[in-house]
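# I'd like to go over a predicted model; first the sequence, then the structure.
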Amino acid sequence: MAARPRLITIAGLLVLVCLTASCSTASRSAHPATAKAATAWLCRPGMADDPCTVSLATTQVTASGASVVVRPVVASDAGKFDCFYVHPRVGPAEPDQVEVTTAQAARFSQVCQLWAPAFEESPTPGPRGIGVADSSVEAAFEDYLAHDNDGRPVIFIGHSEGAATLITTLSRLVDDNPGLRSRMVLAILLGGNVEVPDGRVTGGTFGHIPLCTTPGEAGCIIAYSSFPGVPPPGSMFGRPGQGMSLTTGQTATSGVKVACVNPAAIGGGTASLSPILPAEPTGGPAGNVVQETAFTPPWVTYPGLYEAACKHSDGATWLQVTKGTGSADHRPTFIEALGPADGYHADDVNLALGNLVADVAAAESTWSHH
């Protein structure tokens, strides 16, 4: 995809800053002695040239190679819901924050208003840098609650470090707050190692916020890390007490497991994924794919190309992603861009982006009828 997060390291963290011309700051009236710096936004409703409100025109390519351009419709009640998105790490040799945010978050504009604070890698490595990142996300969310939310229900979306910082923010500000929990429609926390005790859907990372267990459920979490097979022993993802778990203080290695909720089959089982990824301006699909063919930008989707199911083996839990069609299907296929230890981590979001948008819509409908 056009946005490609780098390999995660504990030192690779985020600080709240504005680096691009697309950032926006909202004015705040406060006494100079107590005023805080306004949040810098990559995306927010009403912002000029908002990268989260791009065209949704999509080239849909079938297994036979036939293609058609479809134009998804924005839901009539999208303005009643907010999505608070935190992007993963970006580095100097990677696509910038705007590209990452557009690739992972813009499709959710079908079902919500998008709020995305701007971040970059922390200059301070280690635990201190983790604290800076967590404080930055919390400050942005508290600023948003105080000045922008107006009581609307919220969907939280984060990937990799973005998921890790949201885990900390939700743990500190939402998990123990019944009022805010009642306004949480859904939390999508991918590649962040949400953990639960064996055999349970609550506990571990969160005391009160459960994993989603039924289609359309609201107030719950969708979490997974995608791999083509068992995550290797040293993987950052899918194994408790190591890798990404350590960035959120989760050190237990027994009695808990990393969560997996299949975005294509929340109730369990195997189902087809709906991968959606940006198409390059030159026409090819942007991403960790082994082939390129000319498609009309800005988006391309491959329905039925992959199927997924949650698996647990050898102490690891992951979303098993396998090709759902035969050898006659020559559509582009994804590769393990960061190496076998990380599987399809770089494409956790885009491999199931169509499913995730549909999951948000279903949870919004359930939340609205509570």
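Sure thing, it's come through.
# shaky segments in the stretch 1-150 of the chain?
1-37, 91-95, 119-134 (pLDDT under 70).
# show me where it has its helices.
For the stretch 1-150 of the chain, the helices defined by DSSP state H, counting those that start in this stretch cover 97-105, 126-147.
# pipe the ones you listed into CSV and attach distance to Ser225 per row.
C-beta coordinates here come from the backbone N, C-alpha and C atoms, glycine included. What follows is the helices of the stretch 1-150 of the chain, written out as CSV (distance: least, C-beta to C-beta, whole Å):
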stretch, distance to Ser225
helix 97-105, 15
helix 126-147, 20
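# of those, which is nearest Cys260?
The closest of these to Cys260 is helix 97-105. By C-beta to C-beta, the value is 19.4 Å.
# returning to what we had before: just name the most buried of the helices of the stretch 1-150 of the chain.
Sort the helices of the stretch 1-150 of the chain by mean neighbour count, taking mean count of other C-beta atoms under 10 Å, and helix 97-105 sits at the top with a mean of 26.
# starting at the chain centroid, how far to that one?
In this view, helix 97-105 has its centroid 10 Å away from the chain centroid, taken as C-alpha atoms, centre = their mean, to the nearest Å.
# what helices or strands is that helix leaning on?
strand 40-43, strand 82-86, strand 113-117, strand 154-159, strand 276-278 (3 or more C-beta pairs under 8 Å, 6 or more residues apart in numbering; DSSP states H and E).
# what strands flank the shortest one, and is each parallel or antiparallel?
Looking back up the chat, that one is strand 276-278. In the sheet, strand 276-278 lines up against strand 299-301 (antiparallel) (DSSP bridges).
# what packs against the next helix or strand after the partner strand?
Per DSSP states H and E, the first helix or strand lying C-terminal to strand 299-301 is strand 306-313. Helices and strands touching strand 306-313, by 3+ C-beta pairs under 8 Å, 6+ apart, are strand 271-272, strand 316-323.
# what pLDDT, on average, does strand 306-313 get?
Strand 306-313 shows a mean pLDDT of 97.
# now do it: distance to the chain's middle.
Relative to the centre of its chain, strand 306-313 is centred 18 Å away, using C-alpha atoms, centre = their mean.
# may I see the buried residues of that strand?
Neighbour-count burial for strand 306-313 flags 306-311 (criterion: 16 or more other C-beta atoms under 10 Å).
# surely Pro303 touches Gln60?
Yes: with contact defined as C-beta atoms under 8 Å, Pro303 and Gln60 form a contacting pair (6.5 Å).
# OK, contacts around the closest residue to Thr301 other than its chain neighbours?
Among residues not flanking Thr301 along the chain, Ile276 sits closest, at 4.6 Å (C-beta to C-beta, 6 or more residues apart in numbering). Ile276 makes contact with 58, 107, 299-301, 350, 353-354, according to C-beta atoms under 8 Å, 6 or more residues apart in numbering.
# sorry, back to before: which of the buried residues of strand 306-313 lies closest to Ser226?
Ala308 (7.2 Å).
# for that closest one, which residues make a bridge with it?
Beta-bridge partners of Ala308, counted by DSSP bridges, are Ala271, Val321.
# and it, how far is that from Val321?
In this structure, Ala308 and Val321 are 5 Å apart, going by C-beta to C-beta, to the nearest Å.
# now do Asp175
30 Å.
# for the two, indicate the residue with more neighbours.
Between Asp175 and Val321, counted using other C-beta atoms under 10 Å, the more crowded position is Val321 (24 against 18).
# dump the residue contacts of that one.
Taking C-beta under 8 Å, 6+ apart as the criterion, Val321 is in contact with 226-228, 273, 306-308, 334, 344, 351.
# wait, which of the helices and strands packed on strand 306-313 is closest to Val256?
Between the helices and strands packed on strand 306-313, strand 316-323 lies closest to Val256; by C-beta to C-beta that is 10.0 Å.
# okay, buried residues for the closest one please.
For strand 316-323, by 16+ other C-beta under 10 Å, it's 316-321.
# how about residues contacting stretch 175-184?
In contact with stretch 175-184 (C-beta under 8 Å, 6+ apart) are residues 151-156, 173-174, 206-209, 219.
# if we go to 6 Å?
Applying C-beta atoms under 6 Å, 6 or more residues apart in numbering, the contact partners of stretch 175-184 are 153-154, 174, 206-209, 219.
# from the residues you listed, which land in strands?
With strands taken from DSSP state E, the overlap with those comprises Val154.
# next, Ala363: phi, psi?
The phi/psi pair for Ala363 (degrees, to the nearest 10) reads phi -70, psi -40.
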